[in-house]
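Asker: build me a model:
(2 chains)
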Amino acid sequence: DAGVIQSPRHEVTEMGQEVTLRCKPISGHDYLFWYRQTMMRGLELLIYFNNNVPIDDSGMPEDRFSAKMPNASFSTLKIQPSEPRDSAVYFCASSSSGGAREQYFGPGTRLTVT
Amino acid sequence: KNEVEQSPQNLTAQEGEFITINCSYSVGISALHWLQQHPGGGIVSLFMLSSGKKKHGRLIATINIQEKHSSLHITASHPRDSAVYICAVYGGATNKLIFGTGTLLAVQP
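Answerer: Here you go, the predicted structure:
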(Lines give C-alpha, C1' and ligand atoms only; values in the text may rest on other atoms or scores of the structure.)
Protein backbone atom coordinates (compact mmCIF):
# COMPACT_ATOMS: atom_id res chain seq x y z
CA ASP A 1 0.00 0.00 0.00
CA ALA A 2 1.20 3.53 -0.73
CA GLY A 3 0.32 4.79 2.73
CA VAL A 4 -1.66 7.92 3.42
CA ILE A 5 -1.34 10.37 0.55
CA GLN A 6 -1.66 14.11 0.95
CA SER A 7 -1.59 16.90 -1.59
CA PRO A 8 -0.22 19.40 -2.10
CA ARG A 9 2.96 18.94 -0.07
CA HIS A 10 3.55 22.68 0.05
CA GLU A 11 1.11 25.53 -0.41
CA VAL A 12 1.85 29.22 -0.35
CA THR A 13 -1.10 31.55 -0.63
CA GLU A 14 -2.11 35.09 0.12
CA MET A 15 -4.35 36.06 2.97
CA GLY A 16 -8.00 35.87 1.99
CA GLN A 17 -7.59 33.11 -0.54
CA GLU A 18 -9.29 29.74 -0.32
CA VAL A 19 -7.06 26.77 0.43
CA THR A 20 -8.00 23.12 -0.10
CA LEU A 21 -5.92 20.30 1.31
CA ARG A 22 -6.49 16.75 0.15
CA CYS A 23 -6.03 13.33 1.70
CA LYS A 24 -6.33 9.74 0.55
CA PRO A 25 -6.35 7.30 3.47
CA ILE A 26 -4.96 3.79 3.44
CA SER A 27 -7.35 1.46 1.67
CA GLY A 28 -9.57 -0.37 4.13
CA HIS A 29 -9.09 2.14 6.94
CA ASP A 30 -12.38 3.57 8.11
CA TYR A 31 -11.09 6.27 10.44
CA LEU A 32 -9.58 9.48 9.09
CA PHE A 33 -8.07 12.27 11.17
CA TRP A 34 -6.98 15.81 10.32
CA TYR A 35 -4.28 17.38 12.51
CA ARG A 36 -2.52 20.72 12.58
CA GLN A 37 1.04 21.15 13.86
CA THR A 38 2.56 24.45 14.90
CA MET A 39 5.61 25.34 16.93
CA MET A 40 3.50 27.01 19.57
CA ARG A 41 0.78 24.39 20.03
CA GLY A 42 2.30 21.17 18.75
CA LEU A 43 -0.07 18.62 17.23
CA GLU A 44 -3.79 19.31 17.50
CA LEU A 45 -6.69 17.20 16.30
CA LEU A 46 -9.01 19.23 14.11
CA ILE A 47 -11.64 16.67 13.11
CA TYR A 48 -12.05 12.97 12.57
CA PHE A 49 -14.34 10.81 10.47
CA ASN A 50 -15.60 7.27 10.83
CA ASN A 51 -17.04 5.62 7.74
CA ASN A 52 -17.04 9.02 6.00
CA VAL A 53 -19.14 10.63 8.76
CA PRO A 54 -17.67 13.45 10.87
CA ILE A 55 -17.61 12.26 14.47
CA ASP A 56 -15.84 15.03 16.35
CA ASP A 57 -15.08 18.45 14.94
CA SER A 58 -14.51 20.18 18.27
CA GLY A 59 -10.94 20.96 17.29
CA MET A 60 -11.86 22.94 14.19
CA PRO A 61 -10.74 26.47 15.08
CA GLU A 62 -13.56 28.44 13.52
CA ASP A 63 -16.09 28.61 10.74
CA ARG A 64 -13.40 29.37 8.20
CA PHE A 65 -12.39 25.71 8.43
CA SER A 66 -14.47 22.92 6.92
CA ALA A 67 -13.80 19.27 6.16
CA LYS A 68 -15.57 16.73 4.01
CA MET A 69 -15.21 13.07 3.22
CA PRO A 70 -17.37 12.30 0.19
CA ASN A 71 -16.18 8.71 -0.01
CA ALA A 72 -13.93 6.22 1.73
CA SER A 73 -10.87 7.15 -0.29
CA PHE A 74 -10.89 10.94 -0.22
CA SER A 75 -11.14 13.81 2.23
CA THR A 76 -10.63 17.55 1.99
CA LEU A 77 -9.86 20.26 4.51
CA LYS A 78 -10.79 23.71 3.31
CA ILE A 79 -9.87 27.09 4.75
CA GLN A 80 -11.82 30.06 3.45
CA PRO A 81 -10.71 32.79 3.81
CA SER A 82 -7.17 31.93 4.87
CA GLU A 83 -5.25 34.02 7.40
CA PRO A 84 -1.52 34.17 8.26
CA ARG A 85 -2.19 32.45 11.59
CA ASP A 86 -3.35 29.39 9.67
CA SER A 87 0.24 28.80 8.59
CA ALA A 88 1.15 25.33 9.85
CA VAL A 89 1.74 21.77 8.77
CA TYR A 90 -1.50 19.87 8.28
CA PHE A 91 -1.38 16.10 8.67
CA CYS A 92 -3.93 13.53 7.69
CA ALA A 93 -3.90 10.12 9.37
CA SER A 94 -5.97 6.96 9.06
CA SER A 95 -6.59 3.87 11.12
CA SER A 96 -8.65 0.73 11.02
CA SER A 97 -11.84 0.40 12.99
CA GLY A 98 -12.45 -0.02 16.67
CA GLY A 99 -11.10 1.61 19.77
CA ALA A 100 -7.46 2.53 20.05
CA ARG A 101 -5.83 1.58 16.78
CA GLU A 102 -2.46 2.54 15.40
CA GLN A 103 -2.67 5.67 13.29
CA TYR A 104 -0.72 6.05 10.08
CA PHE A 105 0.20 9.58 9.14
CA GLY A 106 0.55 11.18 5.74
CA PRO A 107 3.60 13.30 4.84
CA GLY A 108 1.78 16.51 5.67
CA THR A 109 1.01 19.72 3.81
CA ARG A 110 3.06 22.75 4.76
CA LEU A 111 0.80 25.79 4.42
CA THR A 112 2.14 29.32 4.37
CA VAL A 113 -0.32 32.19 4.29
CA THR A 114 1.27 35.55 3.56
CA LYS B 1 -0.77 21.20 33.34
CA ASN B 2 -0.75 19.12 30.16
CA GLU B 3 -2.44 15.75 30.28
CA VAL B 4 0.64 14.20 28.67
CA GLU B 5 4.06 15.30 29.83
CA GLN B 6 7.37 14.30 28.31
CA SER B 7 10.87 14.61 29.64
CA PRO B 8 13.34 15.75 28.79
CA GLN B 9 12.22 18.36 26.27
CA ASN B 10 15.66 18.38 24.67
CA LEU B 11 18.33 15.72 24.75
CA THR B 12 21.80 15.63 23.27
CA ALA B 13 23.71 12.36 23.25
CA GLN B 14 26.89 10.94 21.82
CA GLU B 15 26.70 8.17 19.28
CA GLY B 16 26.47 4.80 20.98
CA GLU B 17 24.85 6.05 24.17
CA PHE B 18 21.74 4.49 25.70
CA ILE B 19 18.86 6.96 25.60
CA THR B 20 15.68 7.11 27.63
CA ILE B 21 12.71 9.39 26.97
CA ASN B 22 9.91 9.49 29.51
CA CYS B 23 6.18 10.08 29.19
CA SER B 24 3.74 10.59 32.05
CA TYR B 25 0.02 11.06 31.67
CA SER B 26 -2.78 12.03 34.00
CA VAL B 27 -5.80 10.51 32.27
CA GLY B 28 -7.06 6.96 32.03
CA ILE B 29 -5.92 5.50 28.74
CA SER B 30 -6.62 2.56 26.50
CA ALA B 31 -3.31 2.70 24.64
CA LEU B 32 -0.19 4.78 24.12
CA HIS B 33 1.59 5.70 20.89
CA TRP B 34 5.26 6.56 20.42
CA LEU B 35 5.82 8.58 17.25
CA GLN B 36 8.96 9.81 15.52
CA GLN B 37 9.29 12.95 13.43
CA HIS B 38 12.48 13.89 11.60
CA PRO B 39 13.11 17.60 11.00
CA GLY B 40 10.83 18.82 8.26
CA GLY B 41 9.52 15.32 7.87
CA GLY B 42 6.45 13.26 8.35
CA ILE B 43 5.31 11.39 11.43
CA VAL B 44 6.06 7.70 11.79
CA SER B 45 4.47 5.38 14.30
CA LEU B 46 7.09 3.49 16.30
CA PHE B 47 4.97 1.63 18.81
CA MET B 48 1.48 1.35 20.13
CA LEU B 49 1.15 -0.42 23.45
CA SER B 50 -1.30 -0.85 26.27
CA SER B 51 0.77 -2.99 28.63
CA GLY B 52 4.22 -4.41 29.18
CA LYS B 53 7.02 -3.94 26.73
CA LYS B 54 7.66 -3.94 22.99
CA LYS B 55 10.94 -4.11 21.10
CA HIS B 56 11.77 -3.25 17.51
CA GLY B 57 15.41 -3.29 16.55
CA ARG B 58 17.27 -0.89 18.83
CA LEU B 59 14.04 0.64 20.16
CA ILE B 60 12.26 -0.55 23.28
CA ALA B 61 9.04 0.85 24.70
CA THR B 62 7.63 0.06 28.12
CA ILE B 63 4.49 1.11 29.88
CA ASN B 64 3.34 0.95 33.50
CA ILE B 65 -0.40 1.49 33.57
CA GLN B 66 -0.61 1.75 37.37
CA GLU B 67 2.03 4.47 37.48
CA LYS B 68 0.73 6.14 34.29
CA HIS B 69 4.18 6.18 32.81
CA SER B 70 5.91 5.02 29.65
CA SER B 71 9.52 5.06 28.52
CA LEU B 72 11.13 4.87 25.12
CA HIS B 73 14.68 3.51 25.08
CA ILE B 74 17.16 3.65 22.24
CA THR B 75 20.17 1.38 22.51
CA ALA B 76 23.43 2.08 20.67
CA SER B 77 22.16 5.46 19.49
CA HIS B 78 23.11 6.72 16.04
CA PRO B 79 22.96 10.18 14.42
CA ARG B 80 20.10 8.98 12.25
CA ASP B 81 18.03 8.63 15.44
CA SER B 82 18.06 12.44 15.72
CA ALA B 83 14.41 13.44 15.60
CA VAL B 84 11.48 14.57 17.70
CA TYR B 85 9.88 11.74 19.66
CA ILE B 86 6.24 12.25 20.55
CA CYS B 87 4.19 10.39 23.11
CA ALA B 88 0.44 10.29 22.52
CA VAL B 89 -2.32 8.53 24.44
CA TYR B 90 -5.82 7.40 23.64
CA GLY B 91 -7.79 8.86 26.54
CA GLY B 92 -10.34 6.34 27.73
CA ALA B 93 -12.70 4.80 25.21
CA THR B 94 -12.04 7.29 22.43
CA ASN B 95 -10.35 7.40 19.09
CA LYS B 96 -8.74 10.74 19.90
CA LEU B 97 -5.03 11.00 20.60
CA ILE B 98 -3.76 13.41 23.25
CA PHE B 99 -0.23 14.48 22.37
CA GLY B 100 2.77 15.31 24.47
CA THR B 101 4.93 18.24 23.43
CA GLY B 102 7.70 16.03 22.14
CA THR B 103 11.37 15.41 22.95
CA LEU B 104 13.97 16.76 20.56
CA LEU B 105 16.85 14.29 20.38
CA ALA B 106 20.18 15.09 18.79
CA VAL B 107 22.75 12.30 18.53
CA GLN B 108 26.20 13.56 17.76
CA PRO B 109 28.81 11.45 15.97
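Asker: quick one: average pLDDT of stretch A:102-114?
Answerer: Across stretch A:102-114, pLDDT averages out at 95.
Asker: would you mark the buried spots in stretch A:72-83?
Answerer: By 16 or more other Cβ atoms under 10 Å in any protein chain shown, the buried positions in stretch A:72-83 come out as A:72, A:75, A:77, A:79, A:82. (C-beta placed from N, C-alpha, C; glycine too.)
Asker: same thing with stretch B:65-83?
Answerer: Judged by neighbour count (16+ other Cβ under 10 Å), stretch B:65-83 contains these buried residues: B:68, B:70-74, B:77, B:81-83.
Asker: partner strands of the lowest-mean-pLDDT helix or strand in chain B, with direction?
Answerer: Every helix and strand of chain B was ranked by mean pLDDT, DSSP states H and E. The lowest is strand B:97-99, at a mean of 90. Sheet pairing for strand B:97-99, assigned by DSSP bridges, gives strand B:83-91 (antiparallel).
Asker: residues in contact with the strand it pairs with?
Answerer: By Cβ atoms under 8 Å, 6 or more residues apart in numbering or on different chains, the residues outside strand B:83-91 that reach it are A:43, A:99-100, B:3-4, B:6, B:21, B:23, B:25, B:27-39, B:41, B:43, B:46, B:70, B:72, B:96-100, B:102-105.
Asker: try 6 Å this time
Answerer: With contact meaning Cβ atoms under 6 Å, 6 or more residues apart in numbering or on different chains, strand B:83-91 is reached by A:100, B:4, B:6, B:21, B:23, B:25, B:27, B:29-33, B:35-38, B:97-100, B:102-104.
Asker: cool, and stretch A:107-114?
Answerer: Outside stretch A:107-114, the residues touching it (Cβ under 6 Å, 6+ apart) are A:6, A:10-15, A:21, A:82, A:84, A:86-87, A:89-91, B:42.
Asker: please report how far the closest residue to A:Leu45 other than its chain neighbours lies from B:Lys96.
Answerer: Using Cβ to Cβ, 6 or more residues apart in numbering or on different chains and skipping the chain neighbours, the partner closest in space to A:Leu45 is A:Gly59 (4.7 Å). Here A:Gly59 is placed at a distance of 9 Å from B:Lys96 (Cβ to Cβ, to the nearest Å).
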